[in-house]
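Enquirer: Structure, please.
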Amino acid sequence: MITYTEEKIFTKKQVEELFLSVDWLSGRYPDRLFKALLASETVITAWDGDELVGLCRVLDDTSMMAYINYVLVRPSHQGSKIASRMLSIVKDKYKDYLYIEVMLEDRTKVPFYEKNGFKVMEDGKGMLIRNLEIK
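Expert: Numbers count the residues shown, from 1 in each chain. A predicted model of the protein is given here:
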């Protein structure tokens, strides 16, 4: 049985292993990642017993905008609706905000987010600066 919580009860090692399990760059910077998650307004985690199997991080401005920064599920648990359940928790928590946004680096994920109620911003384009040389 999968359980969900907003309590930040995860360890640095658990977070690192989860991110590396899906080959996300953030997992290579466990100190920074752990610090960032602890400082984030909302971090929803999914647990299979004592194993961290999913995580969703949301940044918000307290009233208008909530930005979903991470949604990831360990490969062994993908297809179990864990990501959809975490998004449902986010949508409920932020239902009074004007916007809940997510920026996808991988367009193949669009159908998943559409299935969960999100719409593609036809006139929008995501932009970023990636400072990979920072250690």
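Enquirer: how far is stretch 63-82 from where the chain is centred?
Expert: 4 Å (CA atoms, centre = their mean, to the nearest Å).
Enquirer: could you give me the average pLDDT of it?
Expert: Across stretch 63-82, pLDDT averages out at 96.
Enquirer: what do you get for stretch 101-118?
Expert: Rounded mean pLDDT across stretch 101-118 is 89.
Enquirer: For it, list every residue counted as buried.
Expert: Under the neighbour-count criterion of 16 or more other CB atoms under 10 Å, stretch 101-118 has 101-102, 113, 116, 118 buried. In this view, the C-beta of every residue, glycine as well, is placed from N, C-alpha and C.
Enquirer: Go through the longest helix seen in the chain and flag the buried ones.
Expert: With secondary structure taken from DSSP state H, the chain has its longest helix at helix 82-93. Neighbour-count burial for helix 82-93 flags 82-83, 85-87, 89-91, 93 (criterion: 16+ other CB under 10 Å).
Enquirer: Pairing partners for the next helix-or-strand element following it, with directions?
Expert: Helices and strands here follow DSSP states H and E; after helix 82-93, the next one along the chain is strand 99-102. Sheet neighbours of strand 99-102, with direction, are listed as strand 65-73 (parallel) (DSSP bridges).
Enquirer: mind pulling up the phi and psi values for Glu122?
Expert: Phi and psi for Glu122, reported as degrees, to the nearest 10, are phi -60, psi -30.
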